[in-house]
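Colleague: sharing a model prediction with you, sequence too.
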Amino acid sequence: MSDIAKIEKKWQKRWRKDHVFEVDPDPKRKKFFLTVPYPYVNGALHIGHGRTYTIGDVIARYKRMQGFNVLFPMASHMTGTPIQGMVDRIKAGDPVAIEQYKRDLRLYFDTEEEVDAQLAKFVDPWTTASFFAKVISQDFDALGLGIDWRRRFTTGDKEYNKFVEWQYQKFKDKGYIKQGNYPLLYCPKDGNPVGEDDLLEGATAKIKEFTAIKWPFEDGFLVAATLRPETIFGVTNMWIHPTKKYVWAKVDGEKWVVAKAAVEKLRLQAKTVEVLETFSGSKIIGKKFRAIHDEHEIPILPAEFVDVNNATGVVYSVPGHAPFDYIALRDLWDNPSGLEKFGISAEDVRGISIIGMIDMKGYSEFPAKDAVERRNIKSQKEGEKLEDATQEIYKAEFYDGVMKDNCEQFSGRMIKDVKEDVVEWMRSINRVDVFYEPDERPVVCKCGTDVQVGVFAGQWFLDYTSPGWKDKTRGALASMDIVPDTYRVLFENTFDWLTQRPCARKRGIGTRLPFDPDWIIESLSDSTIYMAYYTIAHHIRNNKLKPDQLTPAFFDYIFLGKGTPLKVSKSTGIASTLLETMQNEFRYWYPNDQRHTNPAHIPNHLSFALFHHVAIFPKKYWIKRISISEYLVMAGGKMSKSKGSVIPLVEVPKKYSADVFRVYAMAAAEPASLMEWHERDVSAMTGRTRQFYDIMSKYAKKTPKVFTKQDNVSMATRWIVSRVNTIVENCTNFIENFRLRDYAINATSEMIRVVNQYLKRPGIPKEERDATMAYVCDIWVRLATPLMPHMCEEIWSKIGRDGYISVADWPKPNKKLIDREVETSYEVVESTIRDIREIVKLMKGKKAKTAHLYVAPEWMFKAMNSIRKAKLSIVVGDIMKHLMSNEDFRIHGKEVKSIVDRIAKENGLWAHSSSSKSERFALNDSASHMKSELGMEIVVHSSEKPEYDPQNKARFALPGRVSIFLE
RNA sequence: GCGGAGGUUGCCAAGCCAGGUCAAAGGCGUUGGGUUUAGGUCCCAAUCUUGUAGAAGUUCGCGAGUUCGAAUCUCGCCCUCCGCACCA
């Protein structure tokens, strides 16, 4: 084990031993309650998770050093189907699943035998979950996360289930939970709904809802499914496939004609279907059915293009507005010969007139005809072109189309506005139903079966449109911090489209609905207010409270303050003092001050969390702030286990060291941007952390001393003291504004550079330098602690400080020591060095021995300061006027003009000392530094009366821009 | 389709909201120099082009506009990524 690894382990052990991160309520201190969503414990985590949790920890550590009583708890998520699914697949001997688990297990075991032995134990989800929960908690510790583990639990715990039951009973009481029919992708063979993971093909398939229109026919209905129900006014005929099988069936008590292939689908969609008669399509072709709106008779015609496997296999024809229908009808007009056998004459067909029922700019009476002719489509077989034409018409009519006056009560209205109303009207006269299909094909289950849409009767869902709920939650969002605020709009959009959301399933692990135990609460719906549970989880465990004791009255008392401890104690058998303790603890910690996670959680978890908080808790307990950080990607692509492009979290401390990972993860990208993992940059970060450590080892002291101006110390010392305080001020602001990258860069790279530059300065007395460095180190080590907690603890103890730096004070910037003048002078010196170097470069090898520097006259400094103070815009005339109005400047007329020209050219003012004298002082003070940097003597002159100026350079001097002569 | 984010100098990545000090921070890479340098070390400098002494020119997806002044504001266009529901 490397030294650094030993150091990290050592401090993790000590933190644990001294319970540094285990926190209890302390009324005397401000609290800060931070959460990051608990991980799903069905496998090993990777560095992407590491980034998210580390960001949380950096915030927690910063707040802790700011003096807050910080609670950062963690638990494990195991409800839902993934763990169950994986366990089932392992038991079934699925080699892919087995290999996937072995890959994860090899991270934790050295030999293949141990891996196999552990895998053999994975016969139920609980064992699997508890194994990964354990190793993940170790991985978190190894990363230096300051977690209060006493409060850990899993979502599969019986006690936690009682909490979720309480939550859902509350929803039920409020009327937020409803039951209804709900369509899902469904595997007929497995008899189960299928999720994305269950699919072999068609992973992106969604459910498309068709309107099934029931056209009166004989003593029942011809049922045709459509996406364009408003076109019923344009119907001219029905299309039936002549050779495919159709049925007369009794569907929920009505007689329907549909394709035979649709029977099973209807059954899956919660219809009762009894087939009365099976027949070939040709049998009904030539017969008549009746229109919806006026009951006029319309013929049934044959069409080969009808796909009986799609929807009901019955298609009503609107040739004026549907390119497929137009082409099919045109073909029959052109060649009616095949119709005789159905008892249809050529005259009958030619007598059908196309109906235009939608007005639209840029199209004729029959838009379908336009679209077909524009593409020069010749036959029904040109499927792709027809599809394209259909898309065009669909879109154009939807947005621009207006119902013509042959559309009864809907005439004159826009299609996009009228669609729903047409369906509603048909529903009122019992002419519609709903039919679902996947929006793409094929969709195939892993078992090889074609996936269908199943309608779950009695599906429980949360109705986010329940009166008042959404508005109240919008209010909660408006008063909440979202960092970065750019993500706020994503919440708003989610809130807009959130309607009914199924909250329970029939399979998987989880809490049963208290009022309908056949259903298991779905795993995104059981993890929304659990932050509250952290506040009491350890009490429940330590006092061995039984699930039965955790009654609704118990939770009502703790979380909502209902009832009295005595009463609740009586009904639950829990000591009233304990009840009071728990209630106090909840009241101390809640609300959740900050919840940090990824943007992927916005449309689901985070939105649910807000809704559920609003539903259950009073306003004072709503989440205060949500912060978001993006993913970590490897070499341009998302990390993916299947591609093997992942670095497991467990390897981080071994391969890089926790501190290096933490610094790198913070410094490589701002939280809100996608971070690219570059192996090379990580090793560069190793060097930087080591250097930090080396500097600390050399200069950190138990008792630092700070030199100030009064001590008559060198400019360099005053400069570094000022710089360090500036950096502390900046870093504090950066963290407060969630700019963790800027913080990390300043606390590492920038500090290293500052220190190196200081140490490079010659002529600083050793005592002054060492004392100053001790002062710098004292600040720096604190500043770096959230990033590199292990190394900082090590240094802290090495210099003999008591306690842990993890709970030491965050440095406060000493504003009195921030000296802009000194920092500016330093800038001037540095830019002078750069200028001299540039001249040297252009001298092409000619060596200069001496650099004569001419500092601008005092009036110019006054002029610059005067412009700055006047806050003028950079317009030559304005600045001239400003300066010329002052006698002191006017006497320098010509030179004033050249300064102003320069300002205009530079597009603004630049850094310079406050006066000629202080600029000369700064340059003189740094003369030895410049000499050692440049290898030449430095002579500083006043440009007003230079002792030596053979090339008359002095006149070019400007404040902050000394004129230079090299010889 | 709907909604969102974004395109910056070899790569990564700041800046953009609050226009000027932006040839544009920081890191990586590259080049040169230094350090008796165990070490995938550390330090310094340079790294758009040109250059007659510290300067000039051309850049921030493309095109136009506003302004004394635009990487930043406005409009149009092109391209990339993400989410869209039962899935954690």
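Modeller: Arrived safely, thanks for sending. These numbers were taken from a predicted model, which means no experiment stands behind them.
Colleague: chain neighbours aside, what residue packs nearest to residue A:761?
Modeller: With sequence-adjacent residues excluded and distances taken as CB to CB, 6 or more residues apart in numbering, residue A:761 is closest to residue A:716, at 4.2 Å. The C-beta positions use only the backbone N, C-alpha and C, and glycine is treated the same way.
Colleague: show me the shaky parts of chain A.
Modeller: Across chain A, the stretches falling below the confidence threshold (pLDDT under 70) are A:1-2, A:195-198, A:203-204, A:635-645, A:844-845.
Colleague: in it, which residue sits nearest RNA strand B?
Modeller: residue A:687 (2.0 Å; CB to the nearest atom of the strand).
Colleague: please identify the helix or strand for that residue.
Modeller: Under the assignment given by DSSP states H and E, the secondary-structure element containing residue A:687 is helix A:679-699.
Colleague: tell me the buried residues in that helix?
Modeller: Using 16 or more other CB atoms under 10 Å as the burial criterion, the residues of helix A:679-699 that qualify are A:682, A:685-686, A:688-689, A:692-693, A:695-696, A:699.
Colleague: the stretch 451-600 of chain A: helices as residue ranges?
Modeller: For the stretch 451-600 of chain A, applying DSSP state H, counting those that start in this stretch gives helices covering A:469-478, A:488-497, A:531-542, A:552-560, A:565-572, A:576-589.
Colleague: turn these into a markdown table, including mean neighbour count and distance to RNA strand B.
Modeller: As requested, these are exported to a markdown table (neighbours: other CB atoms under 10 Å; distance: least, CB to the nearest atom of the strand, whole Å):
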| stretch | mean neighbour count | distance to RNA strand B |
| --- | --- | --- |
| helix A:469-478 | 16 | 12 |
| helix A:488-497 | 14 | 4 |
| helix A:531-542 | 22 | 17 |
| helix A:552-560 | 21 | 23 |
| helix A:565-572 | 16 | 31 |
| helix A:576-589 | 18 | 25 |
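Colleague: just put the ones you listed in TSV and tack on distance to residue A:84.
Modeller: Below are the helices of the stretch 451-600 of chain A laid out as TSV (distance: least, CB to CB, whole Å):
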stretch	distance to residue A:84
helix A:469-478	31
helix A:488-497	28
helix A:531-542	23
helix A:552-560	27
helix A:565-572	32
helix A:576-589	32
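Colleague: and of these, who's closest to residue A:59?
Modeller: helix A:531-542 (15.4 Å; CB to CB).
Colleague: what sits up against that closest one?
Modeller: Surrounding helix A:531-542, the residues in contact under the criterion CB atoms under 8 Å, 6 or more residues apart in numbering are A:33, A:35, A:71, A:73, A:75, A:150-153, A:159-160, A:163, A:545, A:550, A:558-559, A:578, A:581-582, A:585-586, A:588-590, A:592, A:595, A:617, A:621, A:623.
Colleague: how much does that helix deviate in direction from helix A:576-589?
Modeller: 150 degrees (axes from the mean of the first three to the mean of the last three CA atoms, to 10 degrees).
Colleague: relative to helix A:552-560, how tilted is helix A:531-542?
Modeller: Here the directions of helix A:531-542 and helix A:552-560 differ by 120 degrees (the same axes, to 10 degrees).
Colleague: how about helix A:531-542 as CSV, C-alpha atoms only?
Modeller: Written as CSV, here are the backbone C-alpha positions of helix A:531-542 (Å, rounded to 0.1, in the frame of the first residue of the first chain):
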residue,chain,number,x,y,z
MET,A,531,-35.0,12.5,3.9
ALA,A,532,-37.3,12.9,6.9
TYR,A,533,-36.7,9.2,7.8
TYR,A,534,-33.0,9.9,8.3
THR,A,535,-33.8,12.0,11.3
ILE,A,536,-35.2,9.1,13.2
ALA,A,537,-33.8,6.0,11.6
HIS,A,538,-31.1,5.4,14.2
HIS,A,539,-33.6,5.8,17.0
ILE,A,540,-35.8,3.2,15.5
ARG,A,541,-32.9,0.8,15.2
ASN,A,542,-31.3,1.5,18.5
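Colleague: packing partners of the helix holding residue A:687?
Modeller: In terms of contact count using 3 or more CB pairs under 8 Å, 6 or more residues apart in numbering; DSSP states H and E, helix A:679-699 is assigned the packing partners helix A:658-667, helix A:751-760, helix A:766-784, helix A:789-798.
Colleague: deepest in the core, which of the ones you listed is it.
Modeller: Taking mean count of other CB atoms under 10 Å as the contact definition, the stretch among those with the greatest mean neighbour count is helix A:658-667, which reaches a mean of 27.
Colleague: which elements pack onto it?
Modeller: Looks like helix A:658-667 contacts helix A:3-17, helix A:47-65, helix A:652-655, helix A:679-699, helix A:740-745, helix A:789-798 (3+ CB pairs under 8 Å, 6+ apart).
Colleague: and stretch A:58-66, C-alpha only, in CSV?
Modeller: Backbone C-alpha positions of stretch A:58-66 (Å, rounded to 0.1, in the frame of the first residue of the first chain) are rendered in CSV as follows:
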residue,chain,number,x,y,z
VAL,A,58,-17.3,19.0,-0.5
ILE,A,59,-20.4,21.1,0.3
ALA,A,60,-21.0,19.3,3.5
ARG,A,61,-17.4,19.7,4.6
TYR,A,62,-17.3,23.4,3.7
LYS,A,63,-20.5,24.0,5.7
ARG,A,64,-19.1,22.0,8.6
MET,A,65,-16.0,24.2,8.7
GLN,A,66,-18.3,27.2,8.5
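Colleague: who's in contact with it?
Modeller: The list of residues contacting stretch A:58-66 from outside it, by CB under 8 Å, 6+ apart, reads A:32, A:34, A:70, A:72, A:146, A:594, A:596, A:627, A:662, A:666, A:735, A:740, A:782, A:785-787, A:789, A:806-810.
Colleague: now do the contacts for the residue nearest to the spatial centre of chain A.
Modeller: The residue at the geometric middle of chain A, judged as the C-alpha nearest the mean C-alpha position with CA atoms, centre = their mean, is residue A:599 (1.0 Å). When contacts are counted by CB under 8 Å, 6+ apart, residue A:599 touches A:487, A:490, A:628, A:630.
Colleague: surely the second one and residue A:602 touch.
Modeller: Yes. Between residue A:490 and residue A:602 there is a contact under CB atoms under 8 Å: 4.7 Å.
Colleague: could you export the buried residues of helix A:679-699 as a markdown table, including distance to residue A:122?
Modeller: Conversion of these to a markdown table gives the following (distance: CB to CB, whole Å):
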| residue | distance to residue A:122 |
| --- | --- |
| A:682 | 33 |
| A:685 | 37 |
| A:686 | 37 |
| A:688 | 42 |
| A:689 | 38 |
| A:692 | 43 |
| A:693 | 42 |
| A:695 | 49 |
| A:696 | 46 |
| A:699 | 53 |
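Colleague: can I assume residue A:70 sits in a helix?
Modeller: No. Counting by DSSP: H, G, I helix; E, B strand; the rest coil, one finds residue A:70 to be strand, located in no helix.
Colleague: tell me where the stretch 501-650 of chain A has strands.
Modeller: With strands called from DSSP state E, counting those that start in this stretch, the stretch 501-650 of chain A shows them at A:504-505, A:512-513, A:516-521, A:594-597, A:625-628, A:632-634, A:637-638.
Colleague: okay, those in a markdown table with mean neighbour count next?
Modeller: Output for these, formatted as a markdown table (neighbours: other CB atoms under 10 Å):
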| stretch | mean neighbour count |
| --- | --- |
| strand A:504-505 | 24 |
| strand A:512-513 | 18 |
| strand A:516-521 | 17 |
| strand A:594-597 | 23 |
| strand A:625-628 | 22 |
| strand A:632-634 | 19 |
| strand A:637-638 | 12 |
